[in-house]
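Enquirer: requesting a structural model of the entry that follows:
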Amino acid sequence: MKKLLQSKKRGSAIPLAIVVVLILLAMGTGLLRMGLNSRIFSTRSASDIAARCAADAGLTKALFEMNEKLQVRFWDGSTLPQAIDANLPNFDAVFSYSVTGDVASGYTISSVGTAGQAQRTVYATLELEGLFEHAILTKEYLILKSGTTVDGYNSLDPLDTDIDVDIGTQSTLDSSIILNSGIIVEGDVIVGIGGDPNTVIKDLGATTGYQYSALEEDPLALITPPTLPDWGADITVTGEIVTIGPADSGQYGNLILAKGTTLGVLEISGDVVLYLTGNIDLGESCELVIKENSSLTVYIDGDIHCRVGSSVNNENPPEDPMKFQLYGTSETTQFFDIKAKTTWSAVIYAPNADVDLYANGDFYGSVVADSFEFKAGGNYHYDKALKEVEIDDEGVRFVVNRWHE
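Expert: Now for the predicted structure:
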């Protein structure tokens, strides 16, 4: 009897072992399936991420090539950037992109990224952005005289009076922006990426909108002067009035106005474009005058010196600052000492220039410089119309307006 009971006890362990094995087998199979599914999911996710990165890379490349096309003086939209299965270095993915559209309707980029079996597509609509998106933008310091008001207007729409402007610097150093007492900025004040507005802006009693650090940095690329006839000489006016017109457009050395028995005065009549490889030097009480219904565009490698009583003036209505365009083209530091006897309008783009501006009236326009000090007796008015640019305008670039996947 005892032996029989013992044999029954030993035999009952076999089914129990089988049950345990089956349970372990089921658990192992589940774990293997879970691992396999996780592996498949991670592979798919990695492929999706790679495909998306490739698509974004294609979009970036297409945008770059569109801006490279803008470097040609006159836009040619007959052929637009495209690529098929372009490889990314050290990356197991390819991208294809195409650009469609025209100047009138705008341009759209379509970019497809492929990695393994995964494929992602992104789209972007482009818009043009010009050099004068800000009322004032500097790379270093920005100083405004006490009591100055910085506001905006729209020369294309006089009824548009609710305009916010912004001024700023790309610097993050302490006191890069000095706002003296009584200054009013009808808009925002921006400092460089990661900068602390509380230290970058030295506010001595100004009234402004928001003060904050930028999220991205304007490129501030140098402008390349156009190809013009090289006259191989200076423009020199001594003790007389000289008028130049469109036929005199070209490349010169210096522009020098000097006193003789009378003052030296240079008048601009018509649309004139000058590329000066040297300096502008206005002698005591001499004047550079832009006549009514005329315009002057100056590309300059050197400096601008306005002596005591001298002046750059224009007879154009102040609502159109594009009548006088001044571009600093040197890779090294330039110094612009500019004076005006009356209300003055202009746009100044000189990313390597220290610009000091004096006027006995208001200023209308926009300034982009390395550093800028406004020493005028009037106020500063930014023209919102400067944001309305065309494909062949100086310094325009394509930027992404809208993006979607």
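
Enquirer: quick one: list the elements packing against the longest strand along the chain.
Expert: Longest strand of the chain, by residue count under DSSP state E: strand 344-359. Counting contacts by 3 or more CB pairs under 8 Å, 6 or more residues apart in numbering; DSSP states H and E, strand 344-359 packs against strand 311-314, strand 324-328, strand 334-340, strand 363-374. For glycine as for every other residue, the C-beta is placed from the backbone atoms N, C-alpha and C.

Enquirer: could you dump the ones you listed to TSV with mean neighbour count?
Expert: Output for those, formatted as TSV (neighbours: other CB atoms under 10 Å):
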stretch	mean neighbour count
strand 311-314	22
strand 324-328	24
strand 334-340	22
strand 363-374	24
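
Enquirer: among these, which is nearest Ala17?
Expert: Ala17 lies closest, by CB to CB, to one member of those: strand 363-374, at 84.0 Å.

Enquirer: mind listing the strands the closest one pairs with, and their directions?
Expert: Sheet pairing of strand 363-374 (DSSP bridges) gives strand 136-138 (parallel), strand 142-144 (parallel), strand 344-359 (parallel), strand 380-383 (parallel).

Enquirer: next, the contact list for the nearest residue in space to Asn279 that is not next to it in sequence, please.
Expert: Nearest non-adjacent residue to Asn279, counting by CB to CB, 6 or more residues apart in numbering: Gly302, 3.8 Å away. With contacts defined as CB atoms under 8 Å, 6 or more residues apart in numbering, the neighbours of Gly302 are Asn254, Leu276, Thr277, Gly278, Asn279, Ile280, Ser330, Gln334.

Enquirer: now do the SS call for Gly302.
Expert: coil (DSSP: H, G, I helix; E, B strand; the rest coil).

Enquirer: if I look at it, how far off is Ser371?
Expert: As defined by CB to CB, to the nearest Å, Gly302 lies at a distance of 17 Å from Ser371.

Enquirer: one more: Met66?
Expert: 32 Å.

Enquirer: any chance of the helices and strands packed on strand 344-359 in CSV, with distance to Cys286 and mean pLDDT too?
Expert: Formatted as CSV, those follow (distance: least, CB to CB, whole Å; pLDDT from 0 to 100):
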stretch, distance to Cys286, mean pLDDT
strand 311-314, 8, 89
strand 324-328, 17, 97
strand 334-340, 11, 94
strand 363-374, 21, 96
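
Enquirer: Trp231: which of those strands is closest?
Expert: For the helices and strands packed on strand 344-359, proximity to Trp231 was assessed by CB to CB; strand 324-328 is nearest, at 19.0 Å.

Enquirer: other SSEs contacting that closest one?
Expert: Packed next to strand 324-328, using 3+ CB pairs under 8 Å, 6+ apart, are strand 295-300, strand 334-340, strand 344-359.

Enquirer: can you list contacts of the shortest one?
Expert: Spelled out, it's strand 295-300. With CB under 8 Å, 6+ apart, strand 295-300 has contacts from 223, 225-226, 268, 271-276, 279-280, 290, 314, 316, 322-330, 334.

Enquirer: report the buried members of those.
Expert: 225, 268, 272-276, 279-280, 290, 314, 316, 322-330, 334 (16 or more other CB atoms under 10 Å).

Enquirer: so where is the protein shaky, pLDDT-wise?
Expert: 1-12, 30-32, 34-44 (pLDDT under 70).

Enquirer: so what's Asp230 bridging to?
Expert: The partner residues for Asp230, given DSSP bridges, come to Gln251.

Enquirer: against Val165, how distant is it?
Expert: Taking CB to CB, one finds Asp230 at 40 Å from Val165.

Enquirer: go through the protein and flag its longest helix.
Expert: Counting residues, the longest helix found in the chain (DSSP state H) is helix 13-69.

Enquirer: need the next SSE after it, C-terminal direction.
Expert: The helix or strand immediately downstream of helix 13-69 is strand 82-87, counting by DSSP states H and E.

Enquirer: how far off helix 13-69 does that next one point, in degrees?
Expert: Interaxial angle of strand 82-87 relative to helix 13-69 (axes from the mean of the first three to the mean of the last three CA atoms, to 10 degrees): 140 degrees.

Enquirer: how far does strand 82-87 sit from the chain's center?
Expert: Distance, stretch centre to chain centre, for strand 82-87: 28 Å (CA atoms, centre = their mean, to the nearest Å).

Enquirer: what helices or strands is it leaning on?
Expert: Against strand 82-87 (3+ CB pairs under 8 Å, 6+ apart) you get helix 13-69, strand 94-102.

Enquirer: partner strands of that strand, with direction?
Expert: Assessed with DSSP bridges, strand 82-87 is paired to strand 94-102 (antiparallel).

Enquirer: buried stuff in the strand it pairs with?
Expert: Val94, Phe95, Ser96, Tyr97, Ser98, Val99.

Enquirer: could these go into a markdown table alongside distance to Val389?
Expert: Output for those, formatted as a markdown table (distance: CB to CB, whole Å):
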| residue | distance to Val389 |
| --- | --- |
| Val94 | 35 |
| Phe95 | 30 |
| Ser96 | 30 |
| Tyr97 | 25 |
| Ser98 | 25 |
| Val99 | 19 |
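
Enquirer: nearest to Leu128, of the residues you listed?
Expert: The nearest member of those to Leu128, counting by CB to CB, is Val99 at 14.2 Å.

Enquirer: show me the beta-bridge partners of the closest one.
Expert: Ile109.

Enquirer: repeat for Ala350
Expert: Ala369.

Enquirer: ok so, going back, quick one: the longest strand of the chain to strand 295-300, angle?
Expert: Using the same axes, to 10 degrees: strand 344-359 against strand 295-300 is 50 degrees.

Enquirer: what separates strand 344-359 from the chain centre, distance-wise?
Expert: For strand 344-359, the distance to the chain centre is 17 Å (CA atoms, centre = their mean).

Enquirer: swap in stretch 395-402?
Expert: So, by CA atoms, centre = their mean, the centroid of stretch 395-402 is 9 Å from its chain's centroid.

Enquirer: so that it lines up with my notes, have the first residue be 5 from now on.
Expert: Got it, the first residue is 5 from now on, which makes the last one we talked about stretch 399-406.

Enquirer: in that stretch, what counts as buried?
Expert: Buried residues in stretch 399-406 (16+ other CB under 10 Å): Gly399, Val400, Arg401, Phe402.

Enquirer: which single one of these is nearest to Pro162?
Expert: Nearest member of those to Pro162, counting by CB to CB, is Val400, at 25.2 Å.
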